[in-house]
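K.L.:
Predicted model follows, preceded by the sequence.
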Protein chains: 4
Amino acid sequence: MAKITFLGAGSTVFAKNVLGDCMHTPALQGFELALFDIDPQRLADSERMLNNLKRSSSSTCIIKSYSNRKEALRGAKYVVNAIQVGGYDPCTITDFEVPKKYGLRQTIADTVGIGGIFRNLRTIPVMLDFAADMREVCPNALFLNYTNPMAVLTQVMITQGGVNTVGLCHSVQSCIPDLFRDLELDPTGVQSKIAGINHMAWLLEVTKDGKDLYPEIKRRAAEKQKEQHHDRVRYEMLLKFGYYNTESSEHTAEYHPYFIKQRYPELIEKLNIPLDEYPRRCVNQIKRWTEMREEIVNNADLEHARSREYASYILEAIETGTPFKIGGNVLNTGLIPNLPREACVEVPCLVDKSGVTPTYVGDLPPQLAALNRTNINTQLLTIEAAVTGKKEHIYHAAMLDPHTAAELSLDDIVALCDDLIEAHDDWLPEFH
Amino acid sequence: MAKITFLGAGSTVFAKNVLGDCMHTPALQGFELALFDIDPQRLADSERMLNNLKRSSSSTCIIKSYSNRKEALRGAKYVVNAIQVGGYDPCTITDFEVPKKYGLRQTIADTVGIGGIFRNLRTIPVMLDFAADMREVCPNALFLNYTNPMAVLTQVMITQGGVNTVGLCHSVQSCIPDLFRDLELDPTGVQSKIAGINHMAWLLEVTKDGKDLYPEIKRRAAEKQKEQHHDRVRYEMLLKFGYYNTESSEHTAEYHPYFIKQRYPELIEKLNIPLDEYPRRCVNQIKRWTEMREEIVNNADLEHARSREYASYILEAIETGTPFKIGGNVLNTGLIPNLPREACVEVPCLVDKSGVTPTYVGDLPPQLAALNRTNINTQLLTIEAAVTGKKEHIYHAAMLDPHTAAELSLDDIVALCDDLIEAHDDWLPEFH
Amino acid sequence: MAKITFLGAGSTVFAKNVLGDCMHTPALQGFELALFDIDPQRLADSERMLNNLKRSSSSTCIIKSYSNRKEALRGAKYVVNAIQVGGYDPCTITDFEVPKKYGLRQTIADTVGIGGIFRNLRTIPVMLDFAADMREVCPNALFLNYTNPMAVLTQVMITQGGVNTVGLCHSVQSCIPDLFRDLELDPTGVQSKIAGINHMAWLLEVTKDGKDLYPEIKRRAAEKQKEQHHDRVRYEMLLKFGYYNTESSEHTAEYHPYFIKQRYPELIEKLNIPLDEYPRRCVNQIKRWTEMREEIVNNADLEHARSREYASYILEAIETGTPFKIGGNVLNTGLIPNLPREACVEVPCLVDKSGVTPTYVGDLPPQLAALNRTNINTQLLTIEAAVTGKKEHIYHAAMLDPHTAAELSLDDIVALCDDLIEAHDDWLPEFH
Amino acid sequence: MAKITFLGAGSTVFAKNVLGDCMHTPALQGFELALFDIDPQRLADSERMLNNLKRSSSSTCIIKSYSNRKEALRGAKYVVNAIQVGGYDPCTITDFEVPKKYGLRQTIADTVGIGGIFRNLRTIPVMLDFAADMREVCPNALFLNYTNPMAVLTQVMITQGGVNTVGLCHSVQSCIPDLFRDLELDPTGVQSKIAGINHMAWLLEVTKDGKDLYPEIKRRAAEKQKEQHHDRVRYEMLLKFGYYNTESSEHTAEYHPYFIKQRYPELIEKLNIPLDEYPRRCVNQIKRWTEMREEIVNNADLEHARSREYASYILEAIETGTPFKIGGNVLNTGLIPNLPREACVEVPCLVDKSGVTPTYVGDLPPQLAALNRTNINTQLLTIEAAVTGKKEHIYHAAMLDPHTAAELSLDDIVALCDDLIEAHDDWLPEFH
């Protein structure tokens, strides 16, 4: 019996999406869904929720919780990873509050930026533990990583962990729907090509019947931008750099040195930048969870419609052999020649019986490659810090982050990193 | 109205397959099928045959013959190429008879080898004429090349012709069926990965439910090889080099220095090598055509079942956006890092609305890369000869061909090339 | 008779160095020194100066002025380029004053940064005119480029101009002497390895008898940095990023987002950053020139000692075949794999009869590669702007400049670029 | 006190050249010359010889013999390797006699070919033992490898041994002198560029005062080739492929499928190919040694003039910092892009205080790259066999050798390899 292991299964809502999708997938019937989480209460909640779903969907999947991680992984064919290390309290609070003392403001802090760096540093050791287990008990499993920061963690799992990994995000499949809905365009029959790095991948081509839609998109975008709306930063990037990207304004605002600037405080309002958005979301989520827990965990009639998450479609394509195309995060083995070969890139991948196979993209337009490189700089130095254990590479990662570097002096960056290391305490044992 | 242009439409049987397939493809209904051939009689035959098919299939495709090539190409969305330059008489006869005088025997002569070199040399100028027309009248068309020698012609169309080209062959999709039929294995649910160069691509992986099938395949192959059969050379390669390849024994025999050897005349019988197979086939085909012409060209009830040829599936995937996977011939943009970057490689490609996108393969096992390189050597020098117009590069192409080099001395290779140039007469004006 | 052509020969002091060196080089005796400048007065000054030198040095070189550039280049074996387009007044004034209105301060503005971008844009068309002449009248000449911005202009001459070019700067050969003098260390017998990009190349290795000198260098640097001195930014970089680089603090300050910051005005004094240094130098130089002109131009006893400039040593090595090692600017043909292949890099080169041959460097430490990439971003986009003539790529170049991006918003960057294009007037005809 | 260790010091004549050169090099005075050989008698001979030389040259080098290899290596700055594993008797005899039974004739058998493969296989384990010692007792030493087969052994020392290695051969520095002497041309002032793989490197450029000398060289070569002479194969290659190469005819004859052919027995005489040349030389050398031993080992007045061997010049350049250019064997880190990256290439290298640094070459002419690739095929498979211990890769190495593959069938190649493995007995324990 084939086995799908879900690490971080206590994320009940996300587990509902991914494993609920699996239960609705004919090719995955009879699979064991192996649940693991370090929080026994949340694990139990998810197990109950899934049993509810199983009943309502008549799925033949077997749901099983594990208290031992290695046993959860043993013999797995697929491993889905959705863990978060350190949680909202204390780690997310730390990620936002400490930089704030230096006047460095953030919105999401889960990708690059000072918050992204430390989220990586505390997550990498845990991921490498997973990798060690997997090499032992399920060496051929495919690891579907959903945990952020996507690019660094995926790259580390492959190059340091020796695990067959693809990194997955919701942003690629939302790209065209978001854009076309916002601009009141009809997406039917549209061809698109998306590539770059996670959270900063670019809509390189968008055509219909061979006609380039960008001129019309830019015309409408310029019009839209004349008034206030929720996604202004992203449209600002489109109008200035010529291409739409995969992440929303609240993410994009902190990837560049242009938007959250003490020298231009008016931009926050003008561009509608939601500072501290992520901690606010966390608090809301926690609150919402207490409200919705009952109806999800203890609802024998719980239903689920197959979502747009890639995971179940990937597994289905591998099991059935019917080709499926995803935007996946993989090593840049020359796929985008004008990005560093060491980087993790997000490119179209073919999925079928042979697994996830990346396709060749070619050079990005030079301004897009340049923007990607500024973020890859921080990613590569974060990995260097994690792999070598050298504190100076943490400083370097922060010094190369375009937003941090734009706002702070070198001495303040060092002091900030030291404060963050201090505040992380046992979450970063390697650097104490 | 979208247009599919077929160059070499006088190949009635092949046109029946490819365009008959198109007429059976819902997404291609209403397309114009534009036929062109330099032989008006055969062109007329194909047109009648297709009109027969149209009636029997109720297709809404429009069938139209052109006597002017540029008009046939004007505005095309897809161009299918199946021409042959020089024909059986005189050129194929030349390809076989002249080398025979030097004791150099061949089987098919359509890939590399001395015959493949000259087939390329006489075809390249014609293909570049197509390319010039296409840049003018259908610059965005996708060119599906079926003409051999595949690797060189595809590469030339891309690098010299500036045309969006994919090279297509029947051998990739036959690979698993052939092997499993021969060894009486069940191909259901088998995963495979095939890559290399055209006619010498390798079955790199063949598994079922995660289990490597090669040990069993090799066991059966060794058993089979104990008795006489029709595909001995290919199994010899499998047993000696560890991997099954995409071409049949009659092709493979002349790609290597191992099989057709004056020093080992007994190998011909032992390995069942059909010398002069291709001219024999040509004669039979011509004969068969006179026999079957009537029932194809003038048969109002002519029927057609959709074949396994890639063309209609590619067009369907592009039109509908439903992903389809092919083994396609494309430039080696780092897809197989241990083959020369200048080479044309045959790799899995994803086809969808974005067109034909090659996937990343990675390094081949070293012995397979080495074998491929010996053939790529000749291919690259053939292109060098065609592009520079320098006769010495024709000699070099022949001197680097493993089979020719094994059999002949340098002086005899030069003399043989000179004889072939002489015999080609007006078919190679550039070298006279 | 072999010919050395000097473009921008009106730079009398620099011409004295380079051509004075040549007159002192045995292997270059009898060569014609062909002078060209668009300013006839300065050209005449240089000619008289060189004739003075010739007398005092007993050189047999022939000194000849040309009013026609193509004639000056005709048949040249070597071309030395030291032009400046636009001069101090008006262009350098523009480069500094317009950004100042936006609060963007600079020090030298001859490399990257907003000033470097526009210096490139007005110089590239002139350089491509040189290239067109050279392809016609001296296609095999070696072009020694001394004109800044070095990286972009050298790259453009090679890739767009089709001219055999090496870019030369004084900073590589000063690197070890500067460092060792500053830190009161003895440079005798020291081994060093320097590579990166022009003005931001790194002292990758510095050893003596196999012992790494960096620990002692860093100890002394930390000590030195406790007090005020003239090169504080450079030492700040050394202490923070671990490696000494080839350019002085007044240059380095504007290559990074860390030093000239409106949010940290105190850094200017603390790090002793000479804002507006270059225009001040220009004014001084112009003044000094009126003072020293008499003694250089009309001094029959003018003397010259061979300088450390690379040019005469390069020519000597090519003429004699005795190997000489330089730090030269060349295309990155994989020499530094973790910098973009499209970039121009500064690496050790071997010079001998075969000309200037770059050596392989390998990957830079990741933080250094990252810093280089931030500047290469702007360089590549500047070239894109010049080659395509698209104004948006000028904006992109400025938006990717780490210093400009740190200080200004996107809208201000666009407005600043528009102001600079406007102010450049006829100096940038392509963008009007 | 710095130390030069000589492995295989019992090669008295070669030790005289290399270490005699060192004793004549001012920069190496006072160095310890550490001698090691597994043959105590020959070691003692070399020690006496060197003491003779020391007296006559007044060198202050210290000569010391070691019976323990690791002690000989301990603390070495330079290691010169000139060992031979298996010697004339039995291994060279085996290399020639066993293939002869299959009708496969050879001349030197020290590079590629069936003899070269087995010479590699028995030498690699010994070299890897050296590497293990060096990583322990002199991890920073530079290893100068003179042992053949050069390309494979150098590559193995670098990639498997982890030792800083350059491979050195006499053929590069002889290339121009040989050619110009043979054709009665004056080599004064000639510029040349040589690159490729060891024993098959190409004279890519040969000019004088900017004029290409190849037309005249080819004219004279064609003339010379009309009569019998000692280097006909090499000239045959020059006339057919357009470039002169670094190895003599007796080597070159067996690197290609063109010359030693059972089907063309007349070529042996016509091209003056000395079959079994190497064993003949060995016998002569052994005989000559007994004759000359006395005058070398026991001659208190023994003298030595500094030879053309690279070793002492390399050490001198590293010690003094005065640049020296060599043709060295190094990993192909993209230096010759159209040869496989995994290969070992022979390219111009700069030697100075920073050690041996390879220069960038660029693409070879396609026919030369193709010829190199045929030999690299065998080299890479030989390494694969040695590294994996898999016997089938020995077969593959032989099957890819152009000469072996031209002469023998696959079955005979397997049988021949099995015979050679058998005959090697304890010399190839890994494959028994």
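P.N.:
Here it is on my side, so go on.

K.L.:
need the residues of the stretch 101-250 of chain A near chain B, please.
P.N.:
Contact residues (C-beta under 8 Å from any C-beta of the partner chain) of the stretch 101-250 of chain A with chain B: A:140, A:189, A:191-193, A:205, A:210. To be clear about C-beta, it is placed using only N, CA and C from the backbone, and glycine gets the same treatment.

K.L.:
just the buried members of the residues you listed?
P.N.:
Among those, the ones that count as buried by 16 or more other C-beta atoms under 10 Å in any protein chain shown are A:191-193, A:205.

K.L.:
of all these, which comes closest to chain B?
P.N.:
Within the set of these, residue A:191 lies nearest chain B; the separation is 3.8 Å, counting by C-beta to the nearest C-beta.

K.L.:
Dig out what that closest one forms beta bridges with.
P.N.:
On the basis of DSSP bridges, residue A:191 takes part in beta bridges with residue A:207.

K.L.:
Quick check: the gap between it and residue A:208.
P.N.:
Summarising the geometry, the distance separating residue A:191 from residue A:208, computed by C-beta to C-beta, to the nearest Å, is 7 Å.

K.L.:
Relative to chain C, which residue of the stretch 151-300 of chain A is the closest?
P.N.:
Evaluated by C-beta to the nearest C-beta, the stretch 151-300 of chain A has residue A:257 as its residue closest to chain C, separated by 4.4 Å.

K.L.:
burial measure for that residue, as a count.
P.N.:
The local packing count at residue A:257 equals 26, with neighbours defined by other C-beta atoms under 10 Å in any protein chain shown.

K.L.:
That one against residue A:400, yeah?
P.N.:
No - with the criterion set as C-beta atoms under 8 Å, residue A:257 and residue A:400 do not qualify as a contacting pair; they are 11.6 Å apart.

K.L.:
pretty sure residue A:65 belongs to a strand, no?
P.N.:
Yes - in this structure, residue A:65 lies within a strand as judged by DSSP: H, G, I helix; E, B strand; the rest coil.

K.L.:
Quick check: bridge partners of it?
P.N.:
Beta bridges link residue A:65 to residue A:35 when assigned by DSSP bridges.

K.L.:
hmm, back to that, which non-adjacent residue is nearest the residue of the stretch 151-300 of chain A closest to chain C?
P.N.:
residue A:406 (3.5 Å; C-beta to C-beta, 6 or more residues apart in numbering or on different chains).

K.L.:
Quick one: list the elements packing against the helix or strand encompassing the one you found.
P.N.:
Assigned by DSSP states H and E, residue A:406 belongs to helix A:402-407. Contacting helix A:402-407 under the criterion 3 or more C-beta pairs under 8 Å, 6 or more residues apart in numbering or on different chains; DSSP states H and E are the following elements: helix A:113-137, helix A:391-400, helix A:410-424, helix C:402-407.

K.L.:
any weak-confidence spans in chain A?
P.N.:
By pLDDT under 70, chain A contains no weakly predicted segment.

K.L.:
What segments of chain A are strands?
P.N.:
With DSSP state E as the definition, chain A shows strands at residue ranges A:3-7, A:32-36, A:62-66, A:78-81, A:142-145, A:165-167, A:190-197, A:200-208, A:211-212, A:324-331, A:344-352, A:355-358.

K.L.:
Can you add distance to residue B:115 and give those back as TSV?
P.N.:
Written out in TSV, the entries for the strands of chain A read as follows (distance: least, C-beta to C-beta, whole Å):
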stretch	distance to residue B:115
strand A:3-7	54
strand A:32-36	57
strand A:62-66	60
strand A:78-81	50
strand A:142-145	46
strand A:165-167	45
strand A:190-197	41
strand A:200-208	42
strand A:211-212	45
strand A:324-331	40
strand A:344-352	36
strand A:355-358	35
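
K.L.:
before we move on, back to that, which member of the buried ones among the residues of the stretch 101-250 of chain A next to chain B is positioned nearest chain D?
P.N.:
residue A:193 (28.3 Å).

K.L.:
coming back round to it: could you redo the helices and strands packed on helix A:402-407 as JSON lines and give each row mean neighbour count?
P.N.:
As requested, the helices and strands packed on helix A:402-407 are arranged in JSON lines below (neighbours: other C-beta atoms under 10 Å in any protein chain shown):
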{"stretch": "helix A:113-137", "mean neighbour count": "22"}
{"stretch": "helix A:391-400", "mean neighbour count": "25"}
{"stretch": "helix A:410-424", "mean neighbour count": "19"}
{"stretch": "helix C:402-407", "mean neighbour count": "26"}
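
K.L.:
ok and the residue in the stretch 51-200 of chain A nearest chain D?
P.N.:
Checked against chain D (C-beta to the nearest C-beta), the nearest residue in the stretch 51-200 of chain A is residue A:159, 18.9 Å away.

K.L.:
For residue A:81, name its beta-bridge partners.
P.N.:
In this structure, residue A:81 bridges to residue A:7, residue A:145 when assessed by DSSP bridges.

K.L.:
Let me know the distance separating it from residue A:45.
P.N.:
With the distance defined as C-beta to C-beta, residue A:81 ends up 19 Å from residue A:45.

K.L.:
What are the boundaries of the helices in the stretch 201-350 of chain A?
P.N.:
For the stretch 201-350 of chain A, the helices defined by DSSP state H, counting those that start in this stretch occupy A:214-224, A:232-241, A:249-252, A:266-270, A:277-297, A:310-320.

K.L.:
of those helices, which approaches residue C:62 most closely?
P.N.:
Shortest separation from residue C:62 across the helices of the stretch 201-350 of chain A is recorded for helix A:232-241, at 54.1 Å, computed as C-beta to C-beta.

K.L.:
Let me know whether that closest one sits next to chain C.
P.N.:
Yes - in this structure, helix A:232-241 sits against chain C according to C-beta under 8 Å from any C-beta; the contacting residues are A:236, A:240-241.

K.L.:
can you pick the most crowded of these?
P.N.:
Within those, residue A:236 tops the neighbour count with 24 neighbours, counted by other C-beta under 10 Å.

K.L.:
can you tell me which residues contact it?
P.N.:
Remark: with contacts taken as C-beta atoms under 8 Å, 6 or more residues apart in numbering or on different chains, residue A:236 is in contact with A:225, A:258-259, A:271, C:410.

K.L.:
Kindly indicate which of the residues you listed lies nearest chain D.
P.N.:
Using C-beta to the nearest C-beta as the measure, the one of the contacts of residue A:236 that approaches chain D most closely is residue A:258, at 36.2 Å.

K.L.:
ok, and the closest non-adjacent residue to the closest one?
P.N.:
Excluding the flanking residues, the one nearest residue A:258 by C-beta to C-beta, 6+ apart is residue C:410, at 4.9 Å.
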